[in-house]
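Asker: I need the structure of the sequence given here:
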Amino acid sequence: MKKILQVLLVTMISMQCIQAQDEGAVVKRERITRDKSIFIGGGISNVLGNNFGDYSTGINFEGGYLRRLNRVVSIGGSISYLHFNYDPSILQKVPALNQDPVNFYYGKDQYDNEIGSLLYLTGGDMTLVSLAFNLKVNFVPIKDNTIISVYGFVKPFITSVKRGDVAGLTDDYIYNTFTSSWEPNGKSTGSYAGDSKISGGILLGPGIELYPGRKLSFFAQAAFGYTFPIDIVSTRSYVNEIESLTAPKFPVSSLGFTSINFAAGVSFNLN
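Answerer: Now for the predicted structure:
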């Protein structure tokens, strides 16, 4: 979290420096002809790090409105959709030869016999629908005839997060092998109920735009995203012991959710 705040601080300071550049009175008053735009885009998203949930690749879509205050700064708003499917391969992969698979939970019974369970989970998909304030800064002031523009952006947002039910089975190794329903929270339902939550966070990153002064322009961008702690499926937050399977919130943990999002799209630029 400290690193994220440092990055945000540096970004904000950089933007202030850009806006403070002395372009001269004429340039400061100059506006490009088409100073309003409606944009849509989408792409793929990936979870960052090894402890941010049992998810891998997702999809993202965004649409919004921007207005140029001058040739450098634009502001506006957007709505976005981000979806991640639960990835069972993260739980079930084998880290190295001659080691127990990651989904194996071991322990001992009351008679000191070694026991264990292989856990298989399904469900737990996660969806975030967000409303964001957009601040966009062109690193070089653009004109009506600019062909290519490089920019940076910051998007603080509020989001509605929904996580689906998590269901599972275990292959229990005691005196023999058999399949049984997983019992989260000591219940026999075989699933951990999903939930919804309102949270917030920030997106920031660089982008590139072709023909920003024309009626139709095209962009591609990458965004680093951080969402404040939310309840996500994260078996990696628990040790591989039998007791973990009956922990009150297993396999869910409250964690900050970090992702990298790649998107491309089109802007409709208006007078």
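Asker: spatially central residue in the chain, please.
Answerer: Closest to where the C-alpha atoms of the chain average out (CA atoms, centre = their mean) is residue 259, at 3.8 Å.
Asker: show me where pLDDT drops low in the stretch 101-250 of the chain?
Answerer: 101, 173-191 (pLDDT under 70).
Asker: in this protein, which spans are strands?
Answerer: Here the chain has its strands, by DSSP state E, at 36-47, 55-68, 73-86, 104-108, 114-123, 126-138, 148-163, 166-173, 177-181, 191-192, 195-210, 216-233, 252-270.
Asker: any idea which of those strands gets closest to residue 239?
Answerer: For residue 239, the closest of those is strand 104-108, at 8.6 Å, according to CB to CB. Glycine gets a C-beta too; all of them are placed from N, C-alpha and C.
Asker: other SSEs contacting the closest one?
Answerer: Helices and strands touching strand 104-108, by 3 or more CB pairs under 8 Å, 6 or more residues apart in numbering; DSSP states H and E, are strand 114-123.
Asker: tell me which other helices or strands the strand it packs on touches.
Answerer: The helices and strands touching strand 114-123, judged by 3+ CB pairs under 8 Å, 6+ apart, are strand 73-86, helix 88-92, strand 104-108, strand 166-173.
Asker: figure out which of these is closest to residue 236.
Answerer: helix 88-92 (7.5 Å).
Asker: just the mean pLDDT for the closest one, thanks.
Answerer: Across helix 88-92, pLDDT averages out at 73.
Asker: also stretch 33-53?
Answerer: Here stretch 33-53 scores 86 as its mean pLDDT.
Asker: which positions in that stretch come out as buried?
Answerer: 34-35, 37, 39, 41-43, 45, 47, 52-53 (16 or more other CB atoms under 10 Å).
Asker: next: stretch 230-241.
Answerer: Applying 16+ other CB under 10 Å to stretch 230-241 flags 230-238, 240 as buried.
Asker: list the contacts for residue 227?
Answerer: 128, 159, 161, 199-201, 256-258 (CB atoms under 8 Å, 6 or more residues apart in numbering).
Asker: that should have said residue 87, apologies.
Answerer: 54-57.
Asker: phi, psi of it?
Answerer: phi -110, psi 100 (degrees, to the nearest 10).
Asker: ok, so what distance separates it from residue 208?
Answerer: 30 Å (CB to CB, to the nearest Å).
Asker: list the single closest residue to residue 252 in space, sequence neighbours excluded.
Answerer: In space, and not counting its chain neighbours, residue 252 is closest to residue 231: 5.0 Å by CB to CB, 6 or more residues apart in numbering.
Asker: typo on my end, it should be residue 36
Answerer: Per CB to CB, 6+ apart, closest to residue 36 is residue 270, 4.5 Å.
Asker: can you check residue 235 too?
Answerer: residue 251 (4.6 Å).
Asker: wait, doesn't residue 58 sit right on residue 81?
Answerer: No: under the criterion of CB atoms under 8 Å, residue 58 makes no contact with residue 81, lying 10.2 Å away.
Asker: I'm done for today, thanks for sticking with me.
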